[in-house]
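Chemist: Model the structure of this input:
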Amino acid sequence: MEVVLKVLPPFATIVAAVIAWWANIRVRRQADINEELNREHGKKIAELNHVFEVASMQAQERFSMRAKALLEASRLAGETCYYLERFLTPYTTYEPMPREKLIGKAEECFESLLKFRWENHLFLWDNDKASVALGKIMGAINSIKNKEPEDGSFSQDQARDFLEVAQPALKVIREEYQCELRGKFA
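Modeler: The predicted structure follows:
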């Protein structure tokens, strides 16, 4: 028994060393496998990040171009309506131009709006509401020209009729812009 007690500690040490060596090999293999998996995952994540970054940049560019087109369309429509409203109802004694030129300026602004819309049809043509709204503004211009009284005076009803056309038309463009913003940040 004494021999066993003398042999047991060195034998146990050898067994423990073999187990440690074997465990070390297994841990290294697993570490190598994990490292390879991490490299593969990192590569795939980098590829996905690139795809998402490109898609994000494209969406941002599209948003920016559509938002800019809507802003300019809104500006041109607003300018058209400004001249028409000044033609119908002068609010102050200041006249930016002779009254007979105001309707012509409104038509000129509207033509600029139509030209701009054609030039930016990728961003402004996909909404039938906007098309209808712009058509209503043109109809209001024609209605004002056709109904202009001899003495050049307009009634409050005529001004109100115009505003009932112009305000919803401008609202459509504003709503499209807001919708574009929500789409961007949603």
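
Chemist: So the residue nearest the centre of the chain, which state does it fall into?
Modeler: The centroid of the chain falls nearest to Phe63 when counting by CA atoms, centre = their mean (3.1 Å). Here Phe63 is recorded as helix under DSSP: H, G, I helix; E, B strand; the rest coil.

Chemist: neighbours around Arg86, how many?
Modeler: Neighbourhood size, Arg86 [other CB atoms under 10 Å]: 20. (C-beta placed from N, C-alpha, C; glycine too.)

Chemist: so it is in which element?
Modeler: helix 2-88 (DSSP states H and E).

Chemist: and that helix, what does it pack onto?
Modeler: helix 99-119, helix 121-124, helix 128-146, helix 156-185 (3 or more CB pairs under 8 Å, 6 or more residues apart in numbering; DSSP states H and E).

Chemist: where does this structure have low pLDDT?
Modeler: Within the chain, the ranges that satisfy pLDDT under 70 run 1, 4, 62, 125-128, 149-156, 183-186.

Chemist: related to what we said a few turns ago, any chance of the helices and strands packed on helix 2-88 in a markdown table, plus distance to Val15 and mean neighbour count?
Modeler: As requested, the helices and strands packed on helix 2-88 are exported to a markdown table (distance: least, CB to CB, whole Å; neighbours: other CB atoms under 10 Å):
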| stretch | distance to Val15 | mean neighbour count |
| --- | --- | --- |
| helix 99-119 | 85 | 16 |
| helix 121-124 | 77 | 16 |
| helix 128-146 | 83 | 16 |
| helix 156-185 | 65 | 15 |
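
Chemist: between these, which gets nearest to Asn34?
Modeler: helix 156-185 (39.0 Å; CB to CB).

Chemist: Summarise which helices and strands that closest one is packed against.
Modeler: helix 2-88, helix 128-146.

Chemist: Most tightly packed of the ones you listed?
Modeler: Scoring the helices and strands packed on helix 156-185 by mean neighbour count under mean count of other CB atoms under 10 Å gives helix 128-146 as the most buried, with a mean of 16.

Chemist: And that helix, how far out from the chain middle?
Modeler: 27 Å (CA atoms, centre = their mean, to the nearest Å).

Chemist: Quick one: closest of the helices and strands packed on helix 156-185 to Tyr177.
Modeler: Of those, nearest to Tyr177 by CB to CB is helix 2-88, at 4.4 Å.

Chemist: got the angle between the helix holding Arg86 and helix 128-146?
Modeler: Here the directions of helix 2-88 and helix 128-146 differ by 10 degrees (axes from the mean of the first three to the mean of the last three CA atoms, to 10 degrees).

Chemist: if we can go back for a sec, how close does the residue nearest to the centre of the chain sit to Val54?
Modeler: Taking CB to CB, to the nearest Å as the criterion, Phe63 is separated from Val54 by 15 Å.

Chemist: What of Glu79?
Modeler: To Val54, Glu79 is 37 Å away according to CB to CB.
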